[in-house]
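> Sequence first, then the predicted structure, then my questions.
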Amino acid sequence: MPRPPAGASGPVELARAFARPGEIALYLDVDGTLLHIAETPDAVTIERSTIELLLRAHAALGGALALITGRAIADVDRIFAPLALADAGQHGFERRDAAGTVHRHARHVPGLTEVRAELDAFAAAHAGVLIEDKGLTLAVHYRLAPQAGPAAAALQDAGPCADLRRIHADTRAEGDPRPPDRLEAEFLVIRPNHRR
């Protein structure tokens, strides 16, 4: 898209882009953008008006709209029903294309069972910590136990978790005035880390 002329505002340029829907595609983040962060991953809700807006946008863009999320596609489908949009779930390790075909990185992830056991033990030792097994990724949610954040982030350094690649961690020091809108550490078990 050409650069906006000097003095042009963002909304004006966005309106021009929507006047040419065949030239754009929308990739929308789910948690924290389309959905408010909730106490637990299963507690999120979506307004009917948001689903209706997504339906209209999908039609206006000729289907060039996709969701991007750390959630599993099945979870997205449950939340956004009756929609079944193109989706990059589990940080791209599963994808649903515009035709509705789902592609997954792998069916079996080596080491996931051992890591899950270690994370379950961690959750048992830290009241309020929730382990979410998404199939190809694991998430450690500590929104209900923010004091466990530094320990959750350190999980990558020892035991079976040393073979993890941490893709997201949001830890805040105790007393941090920022709201704990997204407190989690998310891990993928793909290949062992190669230590230097």
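Received, thanks.

> tally of neighbours for Ala59?
Residues near Ala59, counting by other CB atoms under 10 Å, number 11. All C-beta spots, glycine's among them, are computed from the backbone N, C-alpha and C.

> Make residue 1 into 53 and carry on from there
Okay, using 53 as the starting number, the last item reads as Ala111.

> is it true that it lies in a helix?
Yes - under DSSP: H, G, I helix; E, B strand; the rest coil, Ala111 sits within a helix.

> if I pick it, what's in contact with it?
The contact partners of Ala111, taken as CB atoms under 8 Å, 6 or more residues apart in numbering, number zero.

> Read off the pLDDT value for it.
The model reports Ala111 with a pLDDT of 90.

> and if you look at Ala197?
pLDDT recorded at Ala197 is 87.

> quick one: the closest residue to it other than its chain neighbours from Gln199, how far?
The shortest distance from Ala197 to any non-neighbouring residue, by CB to CB, 6 or more residues apart in numbering, is to Gly180 (3.2 Å). Counting by CB to CB, to the nearest Å, the gap from Gly180 to Gln199 is 9 Å.

> Just want to know which of these two has more residues nearby.
Using other CB under 10 Å, the more surrounded residue of Gly180 and Gln199 is Gly180, with 14 against 11.

> does that one sit in a helix or strand, and which one?
Secondary structure assigned from DSSP states H and E places Gly180 in neither a helix nor a strand.

> before we move on, what about the one 3 residues further on?
Secondary structure assignment for Ile183, by DSSP H and E: strand 182-185.

> helices or strands next to that strand in the packing?
When contacts are defined as 3 or more CB pairs under 8 Å, 6 or more residues apart in numbering; DSSP states H and E, strand 182-185 packs onto helix 164-177, strand 189-193.
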